[in-house]
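Asker: Sequence plus predicted model, see below.
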Amino acid sequence: MARADLLLCSLLLLVGLALVSGAGAVGRAEGCRRGDLVVRQRATGRTVEGKPEYAVEVRNACRCAVSRVVVRCYGLSSVEAVDPRAIRAVDGERCLLRGGRAIPPARAVRFTYAWMTPQDFPLLASRPHC
């Protein structure tokens, strides 16, 4: 009898571990990866005060909405006004997209700026909502 109880407990433990492991894998599969926020930039062909204008698109390729998206921007230098609803500097290094509001799946944030050279906008932080 004790042997049957031990076997049953072992079996239940294995099933429990399998369920926990499986749930963890599903949770990771549902989350967003760093590469799911895709930054694309191109020259528009326009010139503003002698500086080329660039169009930037940050697209959410995750199946979940993503909020609190922060990119490195070093103050977002531009000789033309940049739409603060799309991007705004929070300090000398970081910028916040959409005021921290969520970017829905398959949607993008777009803005233009004009500067001597194109700036990089690498992702620093974001919060997925799955």
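Answerer: Alright, I've got the coordinates. Numbering: from 1, shown residues only.
Asker: Which positions in stretch 49-63 come out as buried?
Answerer: 51-54, 56, 58-60, 62 (16 or more other CB atoms under 10 Å). In short, each C-beta sits where N, CA and C put it, glycine included.
Asker: just the helices in this protein please.
Answerer: 2-30 (DSSP state H).
Asker: Low-confidence regions, it specifically.
Answerer: 1-30 (pLDDT under 70).
Asker: So which residue is dead centre in it?
Answerer: Closest residue to the average C-alpha location of the chain: Leu37 at 4.3 Å, with CA atoms, centre = their mean.
Asker: Quick check: that residue vs Ala86, distance?
Answerer: Distance, Leu37 to Ala86, by CB to CB, to the nearest Å: 14 Å.
Asker: Please apply the same query to Glu80.
Answerer: From Glu80 to Ala86 the distance is 13 Å (CB to CB).
Asker: now do Val38
Answerer: Val38 is 16 Å from Ala86, where distance means CB to CB.
Asker: who has more neighbours, the two?
Answerer: Neighbours per residue, other CB atoms under 10 Å: of Val38 and Ala86, the larger number sits with Ala86, 17 against 13.
Asker: I'd assumed Leu97 was in contact with the more buried one.
Answerer: Yes: Ala86 is within contact range of Leu97, at 6.9 Å (criterion: CB atoms under 8 Å).
Asker: Identify all contacting residues around the lengthiest strand in the chain.
Answerer: In the chain, assigned by DSSP state E, the strand with the most residues is strand 37-48. The contact list for strand 37-48, computed with CB atoms under 8 Å, 6 or more residues apart in numbering, reads 52-62, 66, 69, 71, 79-80, 103, 112, 114, 118, 121-123, 126.
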